[in-house]
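Undergrad: no FASTA, just this:
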Ligand SMILES: Nc1ncnc2c1ncn2[C@@H]1O[C@H](COP(=O)(O)OP(=O)(O)OP(=O)(O)O)[C@@H](O)[C@H]1O
């Protein structure tokens, strides 16, 4: 890897008719990284992976793999992929299908090794068209690791897997990453990104809106939760006063036990909010301040982006209206 880059997108855009699926994407993947690609439906994840694999050409910008054209890297057997689409060959056994993939791969591995690494040894004599959805996914993974690839690309690999299969799948995948391979996977399961990836990318309407470790993305969302109880015995309860505390983005009050209210506050400034709770003369019991999970951080970041874009759209509409007014 003379360039120190596994993959690079430089100013990449891709549209389908009027839909801009990828919009000015700049991104470099480095050797050995395990990278999760997140984004709401239609954010451009699959399109970006297709561009990376040379299955589609960008309208603008360039995509390189190992410093050259994606197709050249694939022909050289440096990339293994597991995509959402495409059926598996029918009327063959798992061992035969995996064997074929190992044979045609320029850097093919042994069938036994691949079956074991993908955790499908016990399925080897089963017919491919008789597998469950989750088993089929594992066979697809076996095909993706049939050669000694430098990069593995997985598009929503755990769709259809139950929880235990999913866990053993990620253990297999982790072993590939530990062997020094770069792994890029798109997922809708944020807990997978949180626990497996060392870098998380968030795409939104074809644009990269966050890029960092899961901890960095959670910190960037900057929102924390304060939880405490207020007991009637300690004084009167004033919900409106709680809502007025500085930095409060959300307030939820539950009263499951008579005389006790559980208060959950979402805030961008936990220190100020906690100080204000005490200053307001309240007596919070069992107060806890916790960070939000990646899922909430993701929702916060994409929600903020939506709000910013609709504010931009509103500003543009206002400007257009003003221009129209002055032209009259
Ligand atoms: N072949 C195509 N023709 C027309 N529009 C397409 C095509 N493929 C994707 N799109 C559109 O491009 C946008 C991005 O789609 P893409 O499949 O890349 O998103 P995604 O993030 O992978 O979504 P999902 O999470 O739903 O799989 C969407 O608006 C989608 O409808």
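TA: Nice, thanks for sending it over. The shown structure was predicted, so the numbers you read here are calculated from the model rather than taken from an experiment.

Undergrad: which parts of the stretch 101-250 of the chain sit against the ligand?
TA: By the rule C-beta under 6 Å from any ligand atom, no part of the stretch 101-250 of the chain lies against the ligand. Glycine gets a C-beta too; all of them are placed from N, C-alpha and C.

Undergrad: show me the helices in the stretch 1-150 of the chain, by range?
TA: All helices of the stretch 1-150 of the chain, identified by DSSP state H, counting those that start in this stretch, fall at 45-52, 70-75, 94-104, 111-117, 133-144.

Undergrad: shaky segments in the protein?
TA: Residues of the chain meeting the criterion pLDDT under 70: 1-3, 85-86, 313-328.

Undergrad: break it down into its domains, please.
TA: As given by automatic domain parsing, the domain ranges for the chain are 7-219, 223-291.

Undergrad: deepest of those, which one?
TA: Comparing these by mean neighbour count (mean count of other C-beta atoms under 10 Å), domain 7-219 ranks first with a mean of 18.

Undergrad: now do the strands in the protein.
TA: Ranges of strands within the chain are 7-16, 19-29, 34-38, 60-65, 79-82, 151-155, 182-186, 199-204, 207-212, 224-231, 248-257, 260-267, 285-291, based on DSSP state E.

Undergrad: tell me which other helices or strands the first one touches.
TA: Think strand 7-16. strand 19-29, helix 45-52, strand 60-65 (3 or more C-beta pairs under 8 Å, 6 or more residues apart in numbering; DSSP states H and E).

Undergrad: direction included, what does that strand pair up with?
TA: strand 19-29 (antiparallel), strand 60-65 (antiparallel) (DSSP bridges).

Undergrad: cool, and the fifth one?
TA: For strand 79-82, sheet partners with direction are given as strand 151-155 (parallel), following DSSP bridges.

Undergrad: so which residues make contact with the partner strand?
TA: Under the contact criterion C-beta atoms under 8 Å, 6 or more residues apart in numbering, strand 151-155 has outside partners 6-7, 29, 45-46, 49, 52-53, 65-66, 73, 78-84, 141, 144-145, 173, 176, 181-186.

Undergrad: hey, what's the residue most central in space within the chain bridged with?
TA: Central residue of the chain (C-alpha atoms, centre = their mean): residue 38, 2.4 Å from the mean position. Under DSSP bridges, the beta-bridge partners of residue 38 are residue 202.

Undergrad: OK, contacts around it?
TA: 45, 186, 187, 188, 190, 193, 200, 201, 202, 203, 298.

Undergrad: rebuild the helices and strands packed on strand 7-16 as JSON lines, extending it with distance to residue 96.
TA: What follows is the helices and strands packed on strand 7-16, written out as JSON lines (distance: least, C-beta to C-beta, whole Å):
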{"stretch": "strand 19-29", "distance to residue 96": "33"}
{"stretch": "helix 45-52", "distance to residue 96": "28"}
{"stretch": "strand 60-65", "distance to residue 96": "30"}
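
Undergrad: how far away is the spatially closest residue to residue 123 that is not a sequence neighbour from residue 242?
TA: Leaving aside its sequence neighbours, residue 123 sits nearest to residue 94 (C-beta to C-beta, 6 or more residues apart in numbering; 4.9 Å). If you measure residue 94 against residue 242 using C-beta to C-beta, to the nearest Å, the figure is 59 Å.

Undergrad: and what of residue 126?
TA: Applying C-beta to C-beta to residue 126 and residue 242 gives a distance of 59 Å.

Undergrad: now swap in residue 146 and tell me
TA: 58 Å.

Undergrad: show me the contacts for the closest residue to residue 269 other than its chain neighbours.
TA: Spatial nearest neighbour of residue 269, excluding adjacent residues (C-beta to C-beta, 6+ apart): residue 247 at 3.6 Å. With contact taken as C-beta under 8 Å, 6+ apart, residue 247 is in contact with 267, 268, 269, 270, 272, 273.
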